[in-house]
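S.K.: one predicted model, sequence on top.
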Amino acid sequence: MELKKHLNSRVIFVSLYFFAFITYIIYGLQPARAVNNDITASLSIPGISLTADVVNLEVQNGRLNTPDTIVGSYSRNQNKTLLIGHSTTVFSRLPEVRLGDELEYNDFAYRVVAIDLVSKPNISMTSLLESEKEDTLILMTCAGTLLNNGDATHRLLIKAVRN
């Protein structure tokens, strides 16, 4: 009888542990989502069926931390905005964008004028963020070979100017 109680206790414990583990896997490992009042703009690229919320980013410890499932926006100079997103989530179809494609950001229309694939060590954030004469967006995401640390060897840079 004592053995049966012990086995029943173990079955209950293992069942509860399994339930907790599955719950953690389903809910605990989900990417963070922006709170509605954090959303400052929207980005739409009809050619790749992309519509995404955008949040403003701040430099923290010399870095811009990319949001998990939406687009991050950063600007420090006139007429230049950097939009960043993960290549595995929100910007997964960004490589399909072509020269001349139209996009909409913050209710303004833009046209893609340049597409570049740049090795990560050759990225100059200073030049990426330089002021422009016309309103310009730079969309950036990881590209190239994925590395073990979740990063990649290159960056896909798409430049769009306001119509």
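M.R.: Received it, and whenever you're ready, just let me know what you need. Numbering: from 1, shown residues only.
S.K.: strands of the protein, residue ranges please.
M.R.: Applying DSSP state E to the chain gives strands spanning 39-45, 50-56, 71-77, 80-84, 102-105, 108-119, 136-146, 152-162.
S.K.: who wins for proximity to residue 91 among those?
M.R.: strand 136-146 (3.9 Å; Cβ to Cβ). (Glycine included, C-beta is placed from N, CA and C.)
S.K.: my read: residue 106 touches residue 42, true?
M.R.: Yes. The criterion here is Cβ atoms under 8 Å, and residue 106 meets it with residue 42 at 7.3 Å.
S.K.: what touches both of those two?
M.R.: residue 54 (Cβ atoms under 8 Å, 6 or more residues apart in numbering).
S.K.: look up how far residue 131 lies from the residue nearest the centre of the chain.
M.R.: By Cα atoms, centre = their mean, the chain has its centre lying nearest to residue 85, at 2.4 Å. Separation of residue 85 from residue 131 (Cβ to Cβ, to the nearest Å): 23 Å.
S.K.: so what's residue 39 bridging to?
M.R.: residue 55 (DSSP bridges).
S.K.: low-confidence stretches in this structure?
M.R.: Counting by pLDDT under 70, the ranges of the chain that qualify are 1-9, 11, 13-37.
S.K.: how about stretch 51-70, which residues are buried there?
M.R.: Across stretch 51-70, burial judged by 16 or more other Cβ atoms under 10 Å covers 52-54, 57, 66-67, 69-70.
S.K.: can I get those residues in a markdown table with distance to residue 97?
M.R.: Compiled in a markdown table, the buried residues of stretch 51-70 are given as follows (distance: Cβ to Cβ, whole Å):
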| residue | distance to residue 97 |
| --- | --- |
| 52 | 13 |
| 53 | 19 |
| 54 | 17 |
| 57 | 21 |
| 66 | 18 |
| 67 | 20 |
| 69 | 19 |
| 70 | 18 |
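S.K.: quick one: which of those residues is nearest residue 158?
M.R.: Out of those, the member with the shortest distance to residue 158 (by Cβ to Cβ) is residue 52, at 14.0 Å.
S.K.: so which of the strands of the chain is nearest residue 62?
M.R.: strand 71-77 (12.9 Å).
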